[in-house]
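Asks: How does the following fold in three dimensions:
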Amino acid sequence: MRLWNVLLSCCLVVAAGLGLLVLSGSAKRIAAPPLEAHLVLQEFPIPEGFGIEPARVAGYMADKLVRRMDGDIAMRMTLDQESMKKVKEIVLPRLMNVVVVQEMMRDNPELSAILELGAFRGTVTGQVSTTEAARDVALTVPGALLAEVDGEKVAITTTSTGLTALVLGDMEPGQVHQVKVWFGEAGMTSDLERTIRIGSDASTRGRVLIWGRDGWFGADVEALRWSRWLIGALLGGTLLFGLASLVLPLLTARQDRSRRSGVNATAR
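Replies: Numbers count the residues shown, from 1 in each chain. Here you go, the predicted model:
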């Protein structure tokens, strides 16, 4: 059996075997590092014009208070016309300006969440796991605006390189964190597959596996289910062909040796 035949058959067997492992979802376990993040990217569409404009809120509240003053009998009896005029023209505009209303909305958790919601463009969800003890684990997500770890809101920090990140802290062997991150326009314009990274304080860089991006070669396999079976059948056939090309020459050579042995024994 020639050497190039053996090499070709081995390459076919290895390539087909790896392809079948990828289709079955088992390839990610090969040479997996201790620290890993399995994440899913999704867009976060919001209705057109969604959000709260502080200027409109300030104007509405000021007008509402002015009408309230005009219709409130107790205020009209307590304040004279000049005082009422000063309150309407000086006091209310200063109390209900855009800056004050915006600060008030930021200080209110419910209103602040609505303001942040209008800036969301996508989400990153998934889990972070480790098989070894790791200290000060951090996950970088460009343009991150809001983050939750195991259902609890965590602070967004900025790294020395300017990337936004969330600190997961120390992790014990076998520990798993469920992560949710909402990011803004900066995340949509960056290459998230290259910029989302995970690591620890010991300069240990983990592996990030990302699902959910469209437009990549082979993305239609997810939608066309029959194509998976077609690719699997082709890989399976290639694997069988590679094994047969290795085994059949060996069996043929063995039969030839047995035949020659029989002929030599008869000749004697």
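
Asks: what about residue 100, neighbour count?
Replies: 14 (other CB atoms under 10 Å). From N, CA and C alone the C-beta is placed, and that goes for glycine too.

Asks: That should have said residue 53, apologies.
Replies: By the measure other CB under 10 Å, the count of residues near residue 53 is 14.

Asks: How about residue 124?
Replies: The burial count for residue 124: 24, using other CB under 10 Å.

Asks: Now do the phi/psi pair for it.
Replies: Dihedral pair for residue 124: phi -130, psi 120, per degrees, to the nearest 10.

Asks: Not counting sequence-adjacent ones, nearest residue to residue 11?
Replies: residue 242 (7.8 Å; CB to CB, 6 or more residues apart in numbering).

Asks: In a strand, that neighbour, correct?
Replies: No: assessed by DSSP: H, G, I helix; E, B strand; the rest coil, residue 242 does not belong to a strand; its assignment is helix.

Asks: My guess is it contacts residue 9. True?
Replies: Yes: with contact defined as CB atoms under 8 Å, residue 242 reaches residue 9; the gap is 4.9 Å.

Asks: ok so, going back, tell me who's in contact with the residue nearest to residue 11.
Replies: 9-13, 16 (CB atoms under 8 Å, 6 or more residues apart in numbering).

Asks: Break this structure down into its structural domains.
Replies: If you go by automatic domain parsing, the domain ranges for the chain are 1-31+228-249, 34-47+119-205, 54-116.

Asks: want to try CSV for these, with mean pLDDT as columns?
Replies: Shown next, in CSV, are the domains of the chain (pLDDT from 0 to 100):
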stretch, mean pLDDT
domain 1-31+228-249, 79
domain 34-47+119-205, 87
domain 54-116, 75
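
Asks: Kindly compare burial across those and name the winner.
Replies: Of all those, domain 34-47+119-205 has the most neighbours on average by mean count of other CB atoms under 10 Å, namely a mean of 16.

Asks: What is the distance between that domain and the centre of its chain?
Replies: Remark: domain 34-47+119-205 is offset 8 Å from the chain centroid, using CA atoms, centre = their mean, to the nearest Å.

Asks: If you count contacts, what does the strand or helix carrying residue 68 end up packed against?
Replies: Assigned by DSSP states H and E, residue 68 falls within helix 54-71. For helix 54-71, the contact count by 3 or more CB pairs under 8 Å, 6 or more residues apart in numbering; DSSP states H and E identifies helix 73-78, helix 92-95, helix 98-107 as packing neighbours.

Asks: Those: which one's closest to residue 144?
Replies: helix 98-107 (18.1 Å; CB to CB).

Asks: Could you name the helices and strands sitting against the closest one?
Replies: On a contact count with 3+ CB pairs under 8 Å, 6+ apart, helix 98-107 meets helix 54-71, helix 109-117.

Asks: With respect to residue 224, which of those lies nearest?
Replies: Nearest of the helices and strands packed on helix 98-107 to residue 224, taken as CB to CB: helix 109-117 at 34.7 Å.

Asks: In CSV: the contacts of residue 242, plus secondary structure and distance to residue 115.
Replies: Putting these into CSV (DSSP: H, G, I helix; E, B strand; the rest coil; distance: CB to CB, whole Å) gives the following:
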residue, secondary structure, distance to residue 115
9, helix, 63
10, helix, 60
11, helix, 57
12, helix, 58
13, helix, 58
16, helix, 53
